[in-house]
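Asker: Sequence plus predicted model, see below.
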Amino acid sequence: MDREIFRIINKLAGRYRFLDMIMIIISKKARYVYVLLLVILWFRNKNYKKLTLLTGVSVGVTYIFTFIINIINYKPRPFLNHEVNVLPPVPSKKDSSFLSRHTILAFAAANSVLLYHRLFGKIMWYLGIFIGISRIWMGHHYPIEIIRSALFGSITSFIVHISKKHWDPIISRIIYSYNRYCSYCKLR
């Protein structure tokens, strides 16, 4: 079933130039929308500064988790085992299809933000879905890997949220240092 869903989505790649371009842009550039939303949150108020840094922690922990998992559990990408429509940029043959870094990081960030800011969290969540679809469309991941990545990213962000009391001293110190630096710059 996983391969059938993959084929249904991936067979559209290369047929519709405009949609191919959209999928490539989503896959390559969506992270900048996340950064923009986090920058907007950073400058809103102190609580959102904490949210932004906690999201950074969630993404960092998720990235490390993904790196380790991909070393332990290598799964070849679809284009290595099957004839598929692959859109550029073609990932390295050494990169594992299990888990999708694009998708797992998108959902880690989206769920971290969703816990505190509904609108931005929903925007990031829907964008995460489009990122996952774009990775299938481009021939880089199977649907089950996208679903697993979304789940793992979500779970990791919730674990970071539950353990946020351990991160609070570091986050508070960073915000304090940032505020001191801003005060220092205003005095000059």
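Answerer: Cool, the structure landed.
Asker: Quick one: the strands in this protein, in order.
Answerer: Using DSSP state E, no strands are assigned anywhere in the chain.
Asker: pLDDT weak spots in it?
Answerer: Of all residues in the chain, those with pLDDT under 70 make up the ranges 187-188.
Asker: residue contacts, the residue nearest to the spatial centre of it?
Answerer: Most central residue of the chain, judged by C-alpha distance to the mean C-alpha position with CA atoms, centre = their mean, is A106 at 1.9 Å. Contact criterion CB atoms under 8 Å, 6 or more residues apart in numbering gives 30-31, 34, 124, 127-128, 131-132, 153 as the residues in contact with A106. Where you see a C-beta, it was placed from the backbone N, CA and C, and this is true even at glycine.
Asker: Make a ChimeraX selection of the buried ones in those residues.
Answerer: Taking 16 or more other CB atoms under 10 Å as the burial criterion, the selection of buried members of the contacts of A106 in ChimeraX is written as:
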select :30,34,124,127,128,131,132,153
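Asker: Please dump the contacts of A106 into CSV; it should also carry distance to R77 for every row.
Answerer: Compiled in CSV, the contacts of A106 are given as follows (distance: CB to CB, whole Å):
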residue, distance to R77
A30, 20
R31, 20
Y34, 24
M124, 25
L127, 23
G128, 20
I131, 16
G132, 15
G153, 19
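Asker: Let's see which of the contacts of A106 end up in helices.
Answerer: Here DSSP state H is the test, and the contacts of A106 give 30-31, 34, 124, 127-128, 131-132, 153 as lying in helices.
Asker: Tell me how many other residues surround the closest residue to I171 other than its chain neighbours.
Answerer: Counting by CB to CB, 6 or more residues apart in numbering, I171 lies nearest to L53, which is 4.6 Å off, once chain neighbours are set aside. Residue crowding around L53 was assessed by other CB atoms under 10 Å; the count is 20.
Asker: same check, this time on the one 5 residues further on
Answerer: Residues contacting S58 under the criterion other CB under 10 Å number 28.
Asker: same deal with I175?
Answerer: Should you count by other CB under 10 Å, I175 turns out to have 16 residues around it.
Asker: contacting residues around it?
Answerer: 46, 49-50, 53.
Asker: The chain: helices as residue ranges?
Answerer: 2-10, 17-42, 46-72, 78-81, 101-114, 118-137, 143-162, 164-187.
Asker: ok so, going back, show me which of the contacts of I175 is closest to I24.
Answerer: L53 (31.1 Å; CB to CB).
Asker: Check the spacing between the closest one and A110 real quick.
Answerer: With distances taken as CB to CB, to the nearest Å, L53 is found 16 Å from A110.
Asker: same check, this time on N45
Answerer: The value you get for N45 to A110, if CB to CB is used, is 21 Å.
Asker: Skipping adjacent residues, who's closest to Y63 in space?
Answerer: The shortest distance from Y63 to any residue that is not its chain neighbour, by CB to CB, 6+ apart, is 6.4 Å, and that residue is L105.
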